[in-house]
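>>> using only what follows, build the 3D model:
(one chain, ligands or ions: 1)
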Amino acid sequence: MKKCIICNTDVHTFRSDAQNIEYHRCPNCDLISKDESSYISVEAETKLYLLHHNSIESKDYVAYLKNFVNKAILPFNKGYHLLEFGSGPTPVLTSILKDEYGFSVEKYDKIFSKKKDYLDYQYNVITCTEVIEHVSELMPLFEEWNKVLFNDGIISIMTLFHPQENDVFLKWWYIRDQTHINFFSRRTFEVLAKIFHFDILFCDNHRMIVMRKKESTS
Ligand SMILES: [Zn+2]
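Here you go, the predicted model:
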């Protein structure tokens, strides 16, 4: 029996015949994971990312990112040292955060900005927009984030929350992106917050979640 990669609970497996893919759903934290046998190669993944044409010239995309900054960062940040985790081939959010909001930004991307220099610093804010659904090693990632966040620092995440019914999930457009491997709901982040002793500051129950690292009690 497979175990959930977040909370180690036995998962329920269901399958998409159309995609020929198995998914594993955790009854405790509500994470849905694509079976590892259906992961694509890093080369194929890179090619697909390069097809994304998000640029600073796209007014809609910039407005979409500014909405995230206004709802999920600015009401909560206590300082301006920020890590953009998963900055992609064209780091549009980095430019906006630096030029329009005055953040000092360190960026990391496992394909396009690989140097792990960011581990040498600490941050008031970590942003992860449309990225966490691509990450396979979720717990090591949260452990790393926990280390590099200041006490009182926040993690602001954007990822589309999954539908609750399995049959609706199997028809959902978000799973058709072959680079998406983990799917979340509010409950998934509640369980993660409990494990890492984070507070949830904001959740729109749709695609945005903000968590805060509590002051250390030790
Ligand atoms: Zn779980």
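
>>> do you have the strands of the chain handy? List them.
12-16, 21-25, 32-34, 81-85, 104-108, 123-129, 149-158, 182-183, 198-203, 208-213 (DSSP state E).

>>> what's next to the fourth one, contact-wise?
Think strand 81-85. 91, 93-94, 97, 103-108, 118, 121-128, 131, 145, 148, 150 (C-beta atoms under 8 Å, 6 or more residues apart in numbering). Just so you know, the C-beta spots here come from the backbone N, C-alpha and C atoms, and that holds for glycine as well.

>>> circling back to that earlier point, for the strands of the chain, which one sits closest to Lys3?
strand 21-25 (9.1 Å; C-beta to C-beta).

>>> using CSV, list the CA coordinates for the lowest-mean-pLDDT helix or strand in the chain.
Ranked by mean pLDDT, DSSP states H and E, the weakest helix or strand in the chain is helix 42-50, scoring a mean of 89. C-alpha atoms of helix 42-50 as CSV (Å, rounded to 0.1, in the frame of the first residue of the first chain):
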residue,chain,number,x,y,z
VAL,A,42,13.4,16.6,-17.3
GLU,A,43,14.2,17.2,-21.0
ALA,A,44,10.5,16.9,-21.9
GLU,A,45,9.6,19.1,-18.9
THR,A,46,12.0,21.8,-20.0
LYS,A,47,10.6,21.8,-23.5
LEU,A,48,7.1,22.3,-22.1
TYR,A,49,8.1,25.2,-19.9
LEU,A,50,9.7,26.9,-22.8
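
>>> distance from that helix to the middle of the chain?
18 Å (C-alpha atoms, centre = their mean, to the nearest Å).

>>> how many residues are close by the residue nearest to Tyr39 when sequence neighbours are not counted?
Of all residues not flanking Tyr39 in the chain, Ile181 sits nearest, at 6.3 Å (C-beta to C-beta, 6 or more residues apart in numbering). Ile181: 21 surrounding residues under other C-beta atoms under 10 Å.

>>> how about Ile181, what does it touch?
Contacts of Ile181 (C-beta under 8 Å, 6+ apart): Ser33, Lys34, Tyr39, Glu133, His134, Val135, Ser136.
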